[in-house]
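>>> Model the following, please.
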Amino acid sequence: MSTFLTGGVFMNTKIYIVITGLLLLISFMTACGSDTAVTSVTTPTPTGMPSMVSITGGTFNMGSTISTSEQPVHKVTVSSFRMFKYEVTNSEYLLFLNSQGNQTEGGVRWINIVEDYYQGIRGGPDAGTFSVKSGYESRPVVYVSWYGAVAYCNWLSERHGLTPCYGPINNRGDDPSVWRTLNGYRLPAEAEWEYACRGGNTADYYWGESSPSPASIAKYSWYWDNAEEGYENEVNPNDHGAGKRNCHIAGQKLPNAFGLYDMSGNVWEWCSDWNSTTYYGVSPDTNPAGPGSGTLRVMRGGSWHSTSEFCRSACRNCLAPDYYLNCLGFRPVRNY
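Below is the predicted model of the structure:
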């Protein structure tokens, strides 16, 4: 079962979990519309170079006064970098699995193939044995551990002739001074993620509002109030109790000012940093990359399973790197 900690941090059991809506709603209130504005966008393709957005570095105020885990608000400067326009999709992760197989790292598989309603990947565990469920090709991949995210980054770097930012399996390394000098794909530092999410905006939500209406949120985010898929008449009493909710095809909502899609909602996104609720008080001013060690990794952005409070630009959450969620994926970056 899920256990939520103070400051918007949660953990779960070693295997995947499907968080109940009631528990999630309670945790959101204590811790931290259906107007789909875009119906036709260029969604990610499973082959070729990924679609990335070049983000010019700058200085911004990181954090907020809403949750203790987001304090103190502090000024941070980040260097320029490139970021995936969309969250990594099932079709993109499929290529990786069919090349490398679903290997074990940190005591768990890179991705937990549970073949439930939320999981788009099928088959495995050997290379060449995976497929994607019809209709899930361009949805974000979920149930990926932190290790499965960095393994994908290394594989994609090698595929494109770039230098991997992480070490070999079970010895990934954790030194930002190393991966900041390399040109391969990697997970974003938490500061990079928030800077990219805000898109130059200082409001709580990146489209410029601090108390948005449900209709306004729904233009930019897939979240708890609008994530149902039309299965209201097929509700399993043991499955959420409020209709079939799930992640949605990437890129259907309006982008932020930098041209990034789904930075608010759809699925949580792994970051590179170890989590610490006190790190903001001692964080360096330039290119912070989190504490040097820890037990939980940061994740950002909220999800289809989140209330609107968790879709704020500054909202923080974290999870052990060997855990999975049906509402957690990732979005790589590269040094500029």
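
>>> need the next SSE after the longest helix seen in the chain, C-terminal direction.
For the chain, the helix with the greatest residue count under DSSP state H is helix 146-159. Downstream of helix 146-159, the first helix or strand assigned by DSSP states H and E is helix 176-179.

>>> Leaving out sequence neighbours, find the closest residue to residue 62.
residue 76 (4.5 Å; C-beta to C-beta, 6 or more residues apart in numbering). No exception for glycine: its C-beta is placed from N, CA and C like everyone else's.

>>> for the one you found, helix, strand, or coil?
Recorded secondary structure, residue 76: strand (DSSP: H, G, I helix; E, B strand; the rest coil).

>>> That one bridge partners, please.
residue 60 (DSSP bridges).

>>> Could you pull up the residues touching it?
Residues counted as contacts of residue 76 (C-beta atoms under 8 Å, 6 or more residues apart in numbering) are 59-62, 191, 195, 283, 285-286, 288.

>>> Please narrow the residues you listed to those residing in helices.
Reading helices off the contacts of residue 76 with DSSP H, I get 191, 195.

>>> Out of the contacts of residue 76, who's the most crowded?
Scoring those on neighbours with other C-beta atoms under 10 Å, the highest-scoring entry is residue 195 at 25 neighbours.

>>> Could you report the neighbour count for the nearest residue to it once chain neighbours are set aside?
Using C-beta to C-beta, 6+ apart and skipping the chain neighbours, the partner closest in space to residue 195 is residue 78 (5.0 Å). Residue 78: 23 surrounding residues under other C-beta under 10 Å.

>>> give the contact list for residue 78.
57-58, 60, 189, 191-192, 195, 286-287.

>>> go on, residue 276?
With C-beta under 8 Å, 6+ apart, residue 276 has these contacts: 290-291, 294.

>>> how about a cut-off of 7 Å?
The contact partners of residue 276, by C-beta atoms under 7 Å, 6 or more residues apart in numbering, come to 291, 294.

>>> distance of it from residue 292?
According to C-beta to C-beta, to the nearest Å, residue 276 and residue 292 sit 10 Å apart.

>>> coming back round to it: pLDDT and distance to residue 326 added to the contacts of residue 76, as TSV?
Below are the contacts of residue 76 laid out as TSV (pLDDT from 0 to 100; distance: C-beta to C-beta, whole Å):
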residue	pLDDT	distance to residue 326
59	98	36
60	98	32
61	97	33
62	98	29
191	98	27
195	98	28
283	94	31
285	96	37
286	97	36
288	95	30
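
>>> Make TSV from the contacts of residue 76 and add distance to residue 330 to it.
As requested, the contacts of residue 76 are exported to TSV (distance: C-beta to C-beta, whole Å):
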residue	distance to residue 330
59	26
60	22
61	25
62	20
191	17
195	17
283	22
285	27
286	24
288	20
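
>>> Other residues contacting the longest helix of the chain?
By C-beta under 7 Å, 6+ apart, the list of residues contacting helix 146-159 reads 88, 93, 96, 99-100, 105-106, 110-111, 163-166, 169, 172, 184-187, 270, 297, 321-322, 330, 332.

>>> Quick one: residues contacting residue 79.
Taking C-beta under 7 Å, 6+ apart as the test, what residue 79 contacts is 57, 287, 336.

>>> again, only this time at 10 Å
55-58, 180, 192, 286-287, 335-336 (C-beta atoms under 10 Å, 6 or more residues apart in numbering).

>>> Over to residue 73?
Applying C-beta under 10 Å, 6+ apart, the residues near residue 73 are 61-65, 280, 314.

>>> Selection in PyMOL covering whichever of the residues you listed are buried, please.
Those of the contacts of residue 73 that count as buried under 16 or more other C-beta atoms under 10 Å are selected in PyMOL with:
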select buried, resi 62+63+64+280+314
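
>>> Is the residue lying closest to residue 253 once chain neighbours are set aside within a helix or a strand, and which one?
In space, and not counting its chain neighbours, residue 253 is closest to residue 220: 5.1 Å by C-beta to C-beta, 6+ apart. In the assignment (DSSP H and E), residue 220 maps to no helix and no strand.

>>> State the number of residues packed around residue 220.
Residue 220: 25 neighbours (other C-beta under 10 Å).

>>> Does it touch residue 313 like I think?
No. Shown here, residue 220 and residue 313 do not form a contact pair, counting by C-beta atoms under 10 Å, at 11.1 Å.

>>> which neighbours do these two share?
In contact with both residue 220 and residue 313: 205-207, 256, 263-264, using C-beta under 10 Å, 6+ apart.

>>> can I get those in CSV with secondary structure, neighbour count and distance to residue 247?
Output for these, formatted as CSV (DSSP: H, G, I helix; E, B strand; the rest coil; neighbours: other C-beta atoms under 10 Å; distance: C-beta to C-beta, whole Å):
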residue, secondary structure, neighbour count, distance to residue 247
205, strand, 23, 19
206, coil, 26, 19
207, coil, 19, 20
256, coil, 23, 18
263, coil, 28, 14
264, coil, 29, 13
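
>>> For those residues, give me TSV that also has pLDDT and distance to residue 149.
Output for the shared contacts of residue 220 and residue 313, formatted as TSV (pLDDT from 0 to 100; distance: C-beta to C-beta, whole Å):
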residue	pLDDT	distance to residue 149
205	95	25
206	95	23
207	95	27
256	97	22
263	98	17
264	97	20
